[in-house]
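*Asks:* predicted model and sequence below, questions to follow.
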Amino acid sequence: MFKLYGFPVSNYYNMVKLTLLEKGFEFEEVITRPSQEDDFLNKSPMGKIPCLEIEEGPLSETNVIFDFLEDISSEVPLYPEDPYQRAKVRELSKSIELYLELVARQLLGVVFFGAPADEQLNEKVSVELDKGVAALNRLLIFSPFAAGEQMTYADFMLYYTVTLGNMATKKVLGRDLCDELPGLAAWLTMMDGNPLVQKVNADRDEALKAMTA
């Protein structure tokens, strides 16, 4: 049985957790925070989560875990069969991570950890967000899924980026990504109706409530 290391508030952890559920893998969740302890660094060399431990050993980095799970499980494909379309999904996923997730992440300290407001940071994030949103509007399809007709890893990357990041952009910048990415709101409603998404979200919400209590 696989072991998934991380904790349910992490958006990257939830991307991998949803993948495991969608593909029908049995796995054990090992609640773990990022750590620089030697034991965990042997599993995840940068001490990051998530980390997936399989019979052969550990794997870290979300996109690497995605590709591994796809390689060993073809029953529920989450990449298109066509090589170009597969590359487009990877392009979209990477763009979501670089130009939306990592941008909005800069605001999470204010939202969740009581960091002081920083107008200079807010201005920097706003400029980066403008560019990221413009790029994603050239890549997102929403027909009905993020990359087209098939649910893919890009949907998982976008969903758990937006559901966390939009909390930050709305609270700190007064910007709702649903207003800036046409089709996002309807797509979120569709994803919210997925029973496995609901399961992951219930665990996330419980952990978030405990963390902020």
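*Replies:* Nice, thanks for sending it over.
*Asks:* gap between S35 and L140?
*Replies:* Noted for S35: a distance of 35 Å to L140, by Cβ to Cβ, to the nearest Å. Quick note: C-beta positions are derived from backbone N, CA and C, even for glycine.
*Asks:* may I have the worst-scoring helix or strand of the chain on mean pLDDT exported as PDB, CA atoms only?
*Replies:* The helix or strand of the chain with the poorest confidence is helix 108-112; it has a mean of 83 (mean pLDDT, DSSP states H and E). Extracted in PDB, the C-alpha atoms of helix 108-112 (Å, rounded to 0.1, in the frame of the first residue of the first chain):
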ATOM      1  CA  LEU A 108      -1.000  33.400   2.500                       C
ATOM      2  CA  GLY A 109       1.100  34.700   5.400                       C
ATOM      3  CA  VAL A 110      -1.400  37.500   5.800                       C
ATOM      4  CA  VAL A 111      -4.500  35.300   5.400                       C
ATOM      5  CA  PHE A 112      -3.500  32.400   7.600                       C
END
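*Asks:* now what about it, what contacts it?
*Replies:* Outside helix 108-112, the residues within contact range by Cβ atoms under 8 Å, 6 or more residues apart in numbering are 115-118, 164, 167-168, 171-172, 211-212.
*Asks:* with distance to D179 added, can I get those in JSON lines?
*Replies:* Formatted as JSON lines, the contacts of helix 108-112 follow (distance: Cβ to Cβ, whole Å):
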{"residue": "A115", "distance to D179": "25"}
{"residue": "P116", "distance to D179": "27"}
{"residue": "A117", "distance to D179": "22"}
{"residue": "D118", "distance to D179": "24"}
{"residue": "L164", "distance to D179": "18"}
{"residue": "M167", "distance to D179": "15"}
{"residue": "A168", "distance to D179": "15"}
{"residue": "K171", "distance to D179": "15"}
{"residue": "V172", "distance to D179": "16"}
{"residue": "M211", "distance to D179": "28"}
{"residue": "T212", "distance to D179": "26"}
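*Asks:* which of these fall in helices?
*Replies:* 164, 167-168, 211-212 (DSSP state H).
*Asks:* tell me the domain boundaries of the protein?
*Replies:* 2-72, 83-212 (automatic domain parsing).
*Asks:* turn those into a markdown table, columns for mean neighbour count.
*Replies:* As requested, the domains of the chain are exported to a markdown table (neighbours: other Cβ atoms under 10 Å):
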| stretch | mean neighbour count |
| --- | --- |
| domain 2-72 | 17 |
| domain 83-212 | 17 |
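*Asks:* hang on, the earlier thing: next one: the least confident helix or strand of the chain to chain centre, how far?
*Replies:* Centroid separation between helix 108-112 and its chain, computed with Cα atoms, centre = their mean, to the nearest Å, is 17 Å.
*Asks:* cool, and stretch 41-50?
*Replies:* Here the centre of stretch 41-50 is set off from its chain's centre by 17 Å, with Cα atoms, centre = their mean.
*Asks:* just the residues contacting it, thanks.
*Replies:* By Cβ under 8 Å, 6+ apart, stretch 41-50 touches 4-7, 10, 12-13, 16-17, 32-37, 40, 51, 53, 58, 60-62, 65.
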